[in-house]
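# Everything below, folded, please.
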Amino acid sequence: MEVLGQGLVLMIAGMGIVYLFLAILIVVTKVSMKSIGRFDYILPQDAPKKKPVAAAAGSDDANVALAIAVALQGK
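Have a look, this model is predicted:
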């Protein structure tokens, strides 16, 4: 029975250390997010580039015609 008690104490101590580490990690992450945001003006990120919109009106008709031609060739 003594071994079971030691195992339980070891399990609780291990889980406590893990939860303490995770809590410290969360606090450090939040603090670093705030401090890094303060220095964002030094190296600002570029705005995401927009992809050019292709003219799809004519290509849809061509794709439909091609699909019909391929379907008819199979018969």
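# Could you point out the helix or strand that follows whichever strand or helix holds Thr29?
Using DSSP states H and E, the element containing Thr29 is helix 2-38. Next helix or strand after helix 2-38 toward the C-terminus (DSSP H and E): helix 57-73.
# roughly how far is that next one from the heart of the chain?
38 Å (Cα atoms, centre = their mean, to the nearest Å).
# re the thing from before, how far off centre is the helix holding Thr29?
With Cα atoms, centre = their mean, you get 24 Å for helix 2-38.
# From Gly14, how far out is Val3?
16 Å (Cβ to Cβ, to the nearest Å). All C-beta atoms are positioned from the backbone trio N, CA, C, and that covers glycine.
# Low-confidence bits of this protein, can you list those?
Residues of the chain that meet the criterion pLDDT under 70 lie in 53-59, 75.
# Who has more neighbours out of Val3 and Gly14?
Gly14 (10 against 7; other Cβ atoms under 10 Å).
# Report the separation between the more buried one and Leu8.
Gly14 is 11 Å from Leu8, by Cβ to Cβ.
# and the end-to-end length of stretch 48-67?
End-to-end distance of stretch 48-67: 36 Å, with Cα to Cα, to the nearest Å as the criterion.
# i'd like the first residue to be 26 from this point on
Okay, using 26 as the starting number, the last item reads as stretch 73-92.
# which residues touch Phe46?
For Phe46, no contacting residues are found, by Cβ atoms under 8 Å, 6 or more residues apart in numbering.
# can you tell me how far it sits from Asn88?
56 Å.
# cool, and Leu47?
52 Å.
# again, but for Gly39
61 Å.
# cool, and Pro77?
On the measure of Cβ to Cβ, Pro77 and Asn88 end up 19 Å apart.
# Comparing the two, which residue is more hemmed in?
Legend: neighbour count by other Cβ under 10 Å for Pro77 and Asn88, higher for Asn88 (11 against 6).
# Count residues in the vicinity of Tyr44, would you?
Neighbour tally, Tyr44, other Cβ under 10 Å: 10.
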